[in-house]
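> For reference, the sequence and a predicted model appear below.
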Amino acid sequence: MATRSGSFGPSALATPANAVTIGRLVVTPLLLAAILADGATWLNLGFWIVLASTDGVDGYLARRQGTTRSGAFLDPLADKFLVLGAMATLVAKDVFWWLPVGLIAAREIGISLYRTWVGRRGISVPARWWAKVKTVVQSVAVGFGLLPLTRDNPVPGNVCLWAGVALALVTGAQYLLDGAKAKRAVDGAL
């Protein structure tokens, strides 16, 4: 429900930011099917750019109109579904090797479970700037994987992908350290 100032409270579900996020979740399977069917095409690259850029749009709307608990849950879910789904389809198309994609997927699952676990103990571990950079680098890697100009030269996409792996591991360690620090602060306050 909107407040008098035009912003949304933390428990709101029907917000413009959430609409963009849910739209990304709903449309992602269409992109993944298109990648599986056709691989690197200009149409798929354009589709990827539009969907990947909606992450910035919903973030802008959320900052402007108020963040919500539902958005805090849905946005990372939509990001992971889009990015990991696209990477998995590129593995299936023999564009990416399974190992870097597997490392990224393991990190995402592990950190999501960790954040849920510490969150149930009242500890918030917000994303750092480098985690946002990681998502952008991984998105660029997918973009290279879909770019027809690099279809026969996988080096740019794979360099970005391995940079995304490095950032995933570093930011994963940051989450663990930040969570441990927050836990010590909570324990010390008790």
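Received, thanks. Residues are numbered from 1 along each chain as shown.
> Could I get the average pLDDT for the one helix or strand residue 90 maps to?
Using DSSP states H and E, residue 90 sits within helix 69-92. Averaging pLDDT along helix 69-92 gives 86.
> any idea how far it is from the chain center?
The chain centre lies 5 Å from the centre of helix 69-92; the measure is CA atoms, centre = their mean, to the nearest Å.
> for stretch 28-45, same thing?
With CA atoms, centre = their mean, you get 18 Å for stretch 28-45.
> how about the residue nearest in space to the middle of the chain, what does it touch?
With the centre of the chain defined as its mean C-alpha position, the nearest residue by CA atoms, centre = their mean is residue 79, 3.1 Å away. The contact partners of residue 79, taken as CB atoms under 8 Å, 6 or more residues apart in numbering, are 55, 135. Yep, even glycine has a C-beta here, placed from its N, CA and C like the rest.
> mind starting the numbering at 46 from now?
I'll keep to 46 as the first residue from here, and by that count the last item is residue 124.
> returning to what we had before: identify the residues contacting whichever helix or strand comes after the helix holding residue 135?
Reading on from helix 114-137 to the C-terminus, the next helix or strand found by DSSP H and E is helix 143-164. Defining contact as CB under 8 Å, 6+ apart, one finds that helix 143-164 is touched by 121, 125, 129, 132-133, 135-136, 169-170, 183, 203, 206-207, 209-210, 213-214, 217, 220-221, 224, 227-228.
> Can you say which of those are buried?
By neighbour count, with 16 or more other CB atoms under 10 Å, the contacts of helix 143-164 hold 121, 125, 129, 132-133, 135-136, 170, 183, 203, 206-207, 209-210, 213, 217, 220, 224, 227 as buried.
> helix or strand for residue 186, which one?
helix 174-191.
> Many thanks, I have nothing further to ask.
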